[in-house]
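Undergrad: Requesting a structural model of the entry that follows:
(one chain, ligands or ions: 2)
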Amino acid sequence: MTRHFLDITDLTVDELGTILDLAQRPNLARSLAGLGVALIFEKPSNRTRHSMEMAVVQLGGHPVYTRGEEVGLDVRETVEDVTNVMAGYHGMLAARVFRHDTVARMAAVSAVPVVNMLSDWSHPLQALADVLTMQQVHGPIAGSTVAYVGDYNNVARSLAEACVLLGAEVSLGCPVGYCADDAELDRLNGLGVGRVRQVHRAIEAVQGATAVHTDTWTSMGQEAEKAERVKVFEGYTVDEAMMAAAAPGAGFYHCMPAYRGYEVAAEVMDGPQSHCIRQAHNRLHAARGALAFVMGER
Ligand code: CP
Ligand code: NVA
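TA: Numbers count the residues shown, from 1 in each chain. Ligands and ions are numbered 1, 2, ... in the order given. Got it, this is the predicted structure:
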């Protein structure tokens, strides 16, 4: 059966553990030897493009970077036609898309694995690097509190899913209207042994947290809402006072790109508690683990 990776919830707890092990295993088999991987981007990228291209190379494959407007998904030809054609050239397809439905439609018809490189719904490759980094810095995260402050977005959702699967206590601090609704909280709480709670005051969310995460208030595609969002998220900047309210020795995490003075103060982003560059570097190891996994490596 073709194995796709669109969401953290495509994985069992054991499979998530396997990917995290593969991410740290030296000398993985060259499971992409002789195969191409199409990397289709409808949005800009630094970390995802470079980590995926190098992960493909390290597994013996050949990455083919393609801009979304070049293939014109549903503009030049349908998502299904693009997918079926590319599946004849490549051993795997990966896409960064505006609508999650696009990667879902690709997976529905593709004869080769499809990997989600970020959609409006989720960012599973990011969450793999997030939990890998937290485990390296703090040890196993089961039972510890992982806080996420800011917009409940694609990054927050995948992070929460991974943390619940690994048995962490997730503490969301998100404003009304930009938070997880009750159905989403129920869904998250049904995924695994970890628990998710949500408050609407950031300083309250970080109490006792081992790790404090945030992300941009304005995701790609939401640029027109920026002025409104800056007003809504006032008080949600992760600054030194907020880090002081977390557990002693707490780490700060951000998927990047980071906007200093908005979701994070420069003193925190660039300070001793920040693990963001390690987190970004772990995108490569996480990607290599994930790609090896979908190619059948265990
Ligand atoms: N964190 C992340 O996905 O970064 P890029 O948008 O640069 O790929
Ligand atoms: N939430 C952000 C993540 C960027 C890596 C976005 O979707 O733009």
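
Undergrad: List, one by one, the residues from the chain near ligand 2.
TA: Within the chain, the residues that sit near ligand 2 (Cβ under 6 Å from any ligand atom) are Leu118, Asn153, Asn154, Val155, Asp215, Thr216, Ser219, Met220, Cys255. In this view, the C-beta of every residue, glycine as well, is placed from N, C-alpha and C.

Undergrad: now with 8 Å?
TA: Residues of the chain found near ligand 2 (Cβ under 8 Å from any ligand atom) are 43, 45, 47-48, 118, 120, 123, 126, 151, 153-155, 215-216, 218-222, 255-257.

Undergrad: buried stuff in stretch 142-149?
TA: Ser144, Thr145, Val146, Ala147, Tyr148, Val149 (16 or more other Cβ atoms under 10 Å).

Undergrad: which residues touch it?
TA: With Cβ atoms under 8 Å, 6 or more residues apart in numbering as the test, stretch 142-149 has contacts from 134, 138, 156, 159-160, 163, 166-174, 193-194, 202, 205-206, 208-214, 236, 238, 242, 246-247, 263.

Undergrad: rerun at 6 Å
TA: Identification of contacts with stretch 142-149 by Cβ atoms under 6 Å, 6 or more residues apart in numbering yields 156, 163, 166-173, 202, 205-206, 208-214, 236, 238.

Undergrad: and the closest residue to His62 other than its chain neighbours, what is it in contact with?
TA: Excluding its sequence neighbours, the residue lying closest to His62 (Cβ to Cβ, 6 or more residues apart in numbering) is Gly36, at 4.9 Å. Taking Cβ under 6 Å, 6+ apart, we find Gly36 in contact with His62, Val64, Tyr89, His90.

Undergrad: Next: His123.
TA: His123 makes contact with Asn154, Val155, Ser158, according to Cβ under 6 Å, 6+ apart.

Undergrad: which secondary structure element contains Thr102?
TA: Per DSSP states H and E, Thr102 falls inside helix 100-109.

Undergrad: for the record, mean pLDDT for that helix?
TA: Average pLDDT, helix 100-109: 98.

Undergrad: Who are the packing partners of the helix or strand that that helix is followed by?
TA: Downstream of helix 100-109, the first helix or strand assigned by DSSP H and E is strand 114-116. Here strand 114-116 touches helix 100-109, going by 3 or more Cβ pairs under 6 Å, 6 or more residues apart in numbering; DSSP states H and E.

Undergrad: Apply 8 Å and report the result again.
TA: strand 92-96, helix 100-109, helix 124-138, helix 276-294 (3 or more Cβ pairs under 8 Å, 6 or more residues apart in numbering; DSSP states H and E).

Undergrad: nearest to ligand 1, of those?
TA: Evaluated with Cβ to the nearest ligand atom, the helices and strands packed on strand 114-116 place helix 124-138 nearest to ligand 1, the distance being 5.3 Å.

Undergrad: For Met52, give its distance to Ile277.
TA: Counting by Cβ to Cβ, to the nearest Å, the gap from Met52 to Ile277 is 18 Å.

Undergrad: ugh, typo on my part, it should be Arg298
TA: Per Cβ to Cβ, Arg298 is found 30 Å from Ile277.

Undergrad: more neighbours, the two?
TA: Ile277 (11 against 8; other Cβ atoms under 10 Å).

Undergrad: Let me know the pLDDT of that one.
TA: Reported pLDDT for Ile277: 99.

Undergrad: same question, the one 5 residues further on
TA: The confidence metric pLDDT takes the value 99 at Asn282.

Undergrad: what residues are up against it?
TA: Applying Cβ under 8 Å, 6+ apart, the residues near Asn282 are Ala23, Ala129, Leu132, Thr133, Gln136.

Undergrad: any idea which residue sits dead centre in the chain?
TA: In the chain, the residue lying closest to the centroid (Cα atoms, centre = their mean) is Gln126, at 2.6 Å.

Undergrad: I'd say it and His254 touch.
TA: No. The criterion here is Cβ atoms under 8 Å, and Gln126 misses it with His254 at 10.5 Å.

Undergrad: Out of the contacts of Gly36, which end up buried?
TA: Among those, the ones that count as buried (16+ other Cβ under 10 Å) are Val64, His90.

Undergrad: Columns secondary structure and distance to ligand 1 on top of the contacts of Gly36, output as a markdown table?
TA: Shown next, in a markdown table, are those (DSSP: H, G, I helix; E, B strand; the rest coil; distance: Cβ to the nearest ligand atom, whole Å):
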| residue | secondary structure | distance to ligand 1 |
| --- | --- | --- |
| His62 | strand | 20 |
| Val64 | strand | 17 |
| Tyr89 | coil | 24 |
| His90 | coil | 20 |
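
Undergrad: Appreciated, that's everything.
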